[in-house]
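Asker: Compute the structure for the input listed below.
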Amino acid sequence: MTISPFAGKPAEPSRLVDIPKLITAYYSLTPDPSVAAQRVTFGTSGHRGAAFDASFNEAHILAITQAICQYRASQKIDGPLYIGADTHALSTPALATAVEVLAANGVETMIALNDEYTPTPVLSHAIITYNRTRTKHRADGIIITPSHNPPQDGGFKYNPPHGGPAEKEVTNWIEAKANSLLEKKLRGVKRLPLEQALRLRTTHRHDFLSAYVGDLVNVIDMDLLRVAKVNLGVDPLGGAGVHYWRRIAEQYGITLTVISEEVDPTFRFMTVDWDGQIRMDPSSPYAMKRLLDIKDRFTLTCACDTDHDRHGVVTQSAGLLPPNHYLSVCVDYLFQNRPQWPATAAVGKTLVSSTMIDRVTARLGRTLTEVPVGFKWFVDGLSHGTLGFGGEESAGASFLRLDGSVWTTDKDGFIPVLLAAEITGRTGQDPGERYNELVTEFGEPAYGRIDAPATPEQKAKISTMSATSITATQMAGEAITQVLTTAPGNGAAIGGVKVQTAHGWFAARPSGTENIYKIYAESFKGPDHLALIQQEAQAIVAAALGGGAPAASPASTRKAAPKPGRVKPTSKPQPQAKSASAKAVVGKAAARKR
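Answerer: Sure, this is the predicted structure:
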């Protein structure tokens with residue numbers, strides 16, 4: 001995709017969303033369930049949409065919340081429901097709407113003390129903490145966030161009692177019930193006025209912030225951080241963790257500066273992303289331009305996205321680390337510095353993450369568990385300690401407590417940031433320097449993603465490809481060694497195809513929201529070889545579809561982040577890994593359309 005001339009620059013006033021109009025649209029526009037784009041649709045991270053497009057409106061939240069109440073009843077889930085929201089403008093009214101429905105259905109509801117914003121990992125931590133010693137009356141939760149999406153977007157996600165993202169069969173059930181309620185013009189939705197809902201005995205306040213921050217000592221070596229005095233600068237990017245970082249610094253006495261605590265639903269303080277949109281993506285060099293400009297003020301300069309389930313790490317040695325680089329460093333460090341972890345704990349990664357992780361895992365003598373895209377595939381392993389770490393190429397990760405028990409089963413942006421300081425304090429090298437050592441040991445991968453146009457029919461074909469659909473025997477000058485349509489780690493369908501050679505691979509998956517398919521690719525033979533893989537991947541997919549898939553033009557190539565300098569890699573053969581809250585809930589949200 002073409003890089004916008006505004007990328008990396010401060011947002012111009014004309015590009016800011018009109019918040020009053022956005023909130024008005026949330027209450028005034030009624031979705032038409034006969035229009036596919038206006039129905040409830042759960043992707044890998046819940047239902048997302050925009051009020052202006054009638055894809056995230058009050059009717060959606062009423063229907064989804066009622067459907068969740070019915071799902072809970074069908075599964076006999078009768079413990080407390082923890083609910084939180086991030087700083088997106090639509091999150092506050094959606095939280096108010098959801099509380100009204102939960103109260104009317106008699107659900108024991110836990111909302112944040114002092115109307116504090118609630119990050120995604122904090123909600124997961126609360127559910128797991130409550131359920132740790134319980135087999136009955138277990139808790140679950142709702143997190144209201146579109147993650148790092150633009151300011152006009154909204155998102156709504158359900159986490160069952162395991163604390164992580166809901167499985168497909170769960171979201172399918174909720175989605176179907178919610179759309180049925182929309183079709184019936186919300187007949188069957190129970191609701192109370194917000195003021196009454198907040199006064200009910202079933203509505204409670206929970207101190208998410210204190211519970212989460214107080215427990216960090218059990219997942220990160222906070223004593224080391226205090227003694228090492230690693231100079232850590234953190235920017236919450238105006239997100240839900242905005243008040244957590246100062247508490248972390250004060251409670252543990254670590255050298256941590258909160259760069260900004262500004263909260264503004266227009267996110268006018270951001271530099272715009274690659275496409276000219278405001279997007280709070282801590283893995284994007286364009287969105288992180290402000291932090292890159294001040295990186296020499298701190299040993300590490302870090303950020304999290306709006307719901308704090310993704311991380312970005314900027315080092316003085318290498319600048320902004322691409323997610324795959326830092327995930328590799330995390331795996332290398334954690335499995336050598338967590339002696340209480342089970343000796344059998346595996347490394348989890350999504351199949352579009354770097355093969356560098358495979359090589360590090362093999363050297364550690366650990367099992368690699370490669371799963372489809374989506375953090376939900378790590379939930380069971382993290383819950384039972386069979387996975388020590390789970391990470392995905394989009395900068396999402398979580399890992400076990402120091403004692404080898406579960407911390408969160410959803411992505412956690414806090415702990416990778418704090419781990420970067422722990423790594424630096426213990427080794428004397430920042431994560432950029434640590435990755436450079438991995439490159440020296442294993443070689444330097446070139447990684448990228450491109451998008452190619454595809455019709456809905458072509459996308460459907462890609463998602464159901466079989467291995468026999470791929471007739472090519474070579475790619476980029478090397479023999480094709482493996483064609484995958486299911487993940488090696490759990491046998492689940494990947495919704496596309498992954499083709500591998502000795503020194504490279506590509507994976508093709510259809511987009512869930514656009515008429516494109518995505519090609520992820522990597523080469524251990526350099527950028528030119530990567531470009532050849534990307535080019536031939538499109539031809540391979542087109543042939544599998546009967547020659548009907550258009551190729552990506554150079555203008556539609558998504559540029560990778562600028563790469564820091566690397567030590568010249570070695571070329572020795574490598575072993576193979578073993579397979580295997582919301583402000584204004586009280587009172588201020590009452591100015592609404594009835």
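Asker: Contacts only, for P146.
Answerer: Shown in contact with P146 (C-beta atoms under 8 Å, 6 or more residues apart in numbering): R48, H88, L90, D153, G154, G155, T306. Quick note: C-beta positions are derived from backbone N, CA and C, even for glycine.
Asker: And the pLDDT at G312?
Answerer: According to the per-residue confidence, G312 scores 98 in pLDDT.
Asker: cool, E478 as well?
Answerer: According to the model's per-residue confidence, E478 sits at a pLDDT of 97.
Asker: Who does it form a beta bridge with?
Answerer: Using DSSP bridges, the bridge partners assigned to E478 are M475.
Asker: likewise A493?
Answerer: Residues found in beta-bridge contact with A493 (criterion: DSSP bridges) are T486.
Asker: thinking again about what came up before, which of the contacts of P146 lies closest to D115?
Answerer: Using C-beta to C-beta, H88 is the member of the contacts of P146 that lies nearest D115, at 15.1 Å.
Asker: circling back: can you turn the buried part of the contacts of P146 into a PyMOL selection?
Answerer: Buried residues within those, as defined by 16 or more other C-beta atoms under 10 Å, are selected in PyMOL through the command that follows:
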select buried, resi 48+88+90+153+154+155+306
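Asker: next SSE after the helix or strand S124 falls within?
Answerer: In the assignment (DSSP states H and E), S124 maps to helix 120-131. Helices and strands here follow DSSP H and E; after helix 120-131, the next one along the chain is strand 140-144.
Asker: what packs against that next one?
Answerer: Helices and strands in packing contact with strand 140-144 are listed as helix 58-75, strand 81-85, helix 91-104, helix 120-131, strand 153-159; criterion 3 or more C-beta pairs under 8 Å, 6 or more residues apart in numbering; DSSP states H and E.
Asker: For that strand, list the C-alpha coordinates in PDB.
Answerer: Coordinates of the C-alpha atoms in strand 140-144 are reproduced here as PDB (Å, rounded to 0.1, in the frame of the first residue of the first chain):
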ATOM      1  CA  ASP A 140     -15.700 -14.200  32.900                       C
ATOM      2  CA  GLY A 141     -15.400 -10.800  31.300                       C
ATOM      3  CA  ILE A 142     -16.000  -8.200  28.600                       C
ATOM      4  CA  ILE A 143     -13.300  -5.800  27.400                       C
ATOM      5  CA  ILE A 144     -14.400  -2.800  25.300                       C
END
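Asker: Paired strands for the helix or strand of the chain with the lowest mean pLDDT, with orientation please.
Answerer: When the helices and strands of the chain are compared on mean pLDDT, DSSP states H and E, strand 42-43 comes out lowest with a mean of 88. Neighbouring strands of strand 42-43 in its sheet, by DSSP bridges, are strand 46-50 (antiparallel).
Asker: could you give the angle of the strand it pairs with to strand 140-144?
Answerer: Relative orientation of strand 46-50 and strand 140-144, computed by axes from the mean of the first three to the mean of the last three C-alpha atoms, to 10 degrees: 20 degrees.
Asker: For the residue nearest the centre of the chain, grab phi and psi.
Answerer: Within the chain, the residue whose C-alpha comes closest to the C-alpha centroid is G396; the distance, by C-alpha atoms, centre = their mean, is 4.9 Å. Dihedral angles phi and psi of G396 (degrees, to the nearest 10) take the values phi -110, psi 140.
Asker: what do you get for V314?
Answerer: When read as degrees, to the nearest 10, the backbone of V314 gives phi -110, psi 130.
Asker: mind checking which helix or strand the nearest residue to it once chain neighbours are set aside is in?
Answerer: Among residues not flanking V314 along the chain, T301 sits closest, at 4.1 Å (C-beta to C-beta, 6 or more residues apart in numbering). Secondary-structure assignment from DSSP H and E places T301 in strand 300-304.
Asker: other SSEs contacting that strand?
Answerer: Contact here means 3+ C-beta pairs under 8 Å, 6+ apart; on that basis strand 300-304 packs against strand 232-235, helix 289-293, strand 311-315, helix 414-427.
Asker: For these, please prepare a markdown table with the additional fields distance to P146 and mean neighbour count.
Answerer: Formatted as a markdown table, the entries for the helices and strands packed on strand 300-304 read as follows, by distance: least, C-beta to C-beta, whole Å; neighbours: other C-beta atoms under 10 Å:
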| stretch | distance to P146 | mean neighbour count |
| --- | --- | --- |
| strand 232-235 | 19 | 25 |
| helix 289-293 | 22 | 18 |
| strand 311-315 | 18 | 28 |
| helix 414-427 | 19 | 24 |
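Asker: could the ones you listed go into a markdown table alongside distance to R201?
Answerer: Shown next, in a markdown table, are the helices and strands packed on strand 300-304 (distance: least, C-beta to C-beta, whole Å):
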| stretch | distance to R201 |
| --- | --- |
| strand 232-235 | 39 |
| helix 289-293 | 45 |
| strand 311-315 | 39 |
| helix 414-427 | 33 |
